[in-house]
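Trainee: Here's my sequence, what's the structure:
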Amino acid sequence: QVQLVESGGGLVQPGGSLRLSCAPSGRTSSRSTMGWFRQAPGKEREFLAVINWSGSSTDYAVSVKGRFTISRDNAKSTVYLQMNSLKPEDTAVYYCASSNYWLPGTIWSAADFGSWGRGTQVTVTS
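Mentor: Below is the predicted model:
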């Protein structure tokens, strides 16, 4: 399994923005579906966004659609999550993950992803 490394988390005020990055620690194929999840204390891991290997298709959770944007740069083997209009309830540890398939219409969950990063903390507070 590929080891993924997230970066870009931090402390931000409500209404602010952050861009998270995720890259493999070693050599990997870019033909993986990539996703972002988050987990707040005492809550289950929540699906946020997913992107297919070419970047031509994406899907989002209702809770972040219109505020978060997933993208990828396969030349850099990096996936991004641009987060705008952040709210205190967005505070969580954010994880990226990879999957070996892309099926349109999938109700994505953590079970669809095989490799995970260790997460990066995002804290939204005034």
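Trainee: Which residue ranges of this protein form strands?
Mentor: Along the chain, counting by DSSP state E, strands occupy 4-7, 10-12, 18-24, 33-39, 46-51, 58-60, 68-73, 78-83, 92-99, 115-116, 120-124.
Trainee: Please tabulate those in TSV, including the columns mean neighbour count and mean pLDDT.
Mentor: C-beta here means a position set from N, CA and C on the backbone, and glycine is covered the same way. Formatted as TSV, the strands of the chain follow (neighbours: other C-beta atoms under 10 Å; pLDDT from 0 to 100):
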stretch	mean neighbour count	mean pLDDT
strand 4-7	18	96
strand 10-12	14	98
strand 18-24	19	96
strand 33-39	23	97
strand 46-51	23	97
strand 58-60	18	97
strand 68-73	18	97
strand 78-83	23	97
strand 92-99	23	96
strand 115-116	18	92
strand 120-124	18	98
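Trainee: which residues does residue 26 contact?
Mentor: Residues near residue 26 by C-beta atoms under 8 Å, 6 or more residues apart in numbering: 2-3.
Trainee: From residue 4, how far off is it?
Mentor: Separation of residue 26 from residue 4 (C-beta to C-beta, to the nearest Å): 10 Å.
Trainee: tell me, what residue is most central in this structure?
Mentor: Centroid-nearest residue in the chain, with C-alpha atoms, centre = their mean: residue 36, separated by 2.1 Å.
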